[in-house]
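Engineer: just the structure for this:
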Amino acid sequence: MKLDNLSSITDVEFFINGTQAVAFAVASNKRERYQVVEKILSRFAYTTLKRHDKGILIRFLIKITGYSRQQITRMIHRYTETGRLEPLQKTVNGFEKRYTDEDIKLLAQLDQRHDTPNGLMVKKLCERAQKQFNDEEYTRLAEISVSHIYNLRKSTAYKKKTMPL
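Structural biologist: Predicted coordinates:
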């Protein structure tokens, strides 16, 4: 029997208890798993089920998707509100990049010229270049914190500029 042949809550309960053989494969990517959950919720008309049957369907979804009970509950909640279930797109990085690659390159050049001084000295050199010599390249670096200089030195962009080939 295939997963699509499960047509009643009783069949689903037999599957969960392991008394009915069913061939299924867990979807490999997130979008496919969400589609499977949406399809099952709509096929069994989840919103019209009784509480006991909803619990059976939730256990079934946990088993076939590999998601936790909390995640399935969130998905069901979203499905009941909108009638659709699509994965929410997560942003890659929630923070805006303040210091550009040019700033990192400038920092690497400054470190090479001055034999990699400590962070406070670099900050003072950047401030001096911007204020006394009116060098606009150092505008952002003049306001950098000492600790962030060390963070930039750990970045791959900085290491590419300073490592000999």
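Engineer: and the helix or strand hosting Lys123, what's buried?
Structural biologist: Assigned by DSSP states H and E, Lys123 belongs to helix 119-131. Neighbour counts over helix 119-131 (16 or more other CB atoms under 10 Å) mark Gly119, Val122, Lys123, Leu125, Cys126, Ala129, Gln130 as buried. Every C-beta, even on glycine, is put in place using the N, C-alpha and C of the backbone.
Engineer: mean confidence (pLDDT) on that helix, please.
Structural biologist: Averaged across helix 119-131, pLDDT comes to 95.
Engineer: ok, now stretch 135-151?
Structural biologist: 94.
Engineer: give me the domain ranges for this structure.
Structural biologist: 3-82, 101-155 (automatic domain parsing).
Engineer: helix, strand or coil: sort out the residue nearest the centre of the chain for me.
Structural biologist: Centroid-nearest residue in the chain: Lys90, 5.3 Å away (criterion: CA atoms, centre = their mean). Taking DSSP: H, G, I helix; E, B strand; the rest coil as the rule, one finds Lys90 in the coil state.
Engineer: what's the answer for Ile16, then?
Structural biologist: Per three-state DSSP, Ile16 ends up helix.
Engineer: neighbours around it, how many?
Structural biologist: 16 (other CB atoms under 10 Å).
Engineer: what helices or strands is the helix or strand of the chain with the lowest mean pLDDT leaning on?
Structural biologist: When the helices and strands of the chain are scored by mean pLDDT, DSSP states H and E, helix 9-17 comes last with a mean of 83. With contacts taken as 3 or more CB pairs under 8 Å, 6 or more residues apart in numbering; DSSP states H and E, helix 9-17 sits against helix 51-65.
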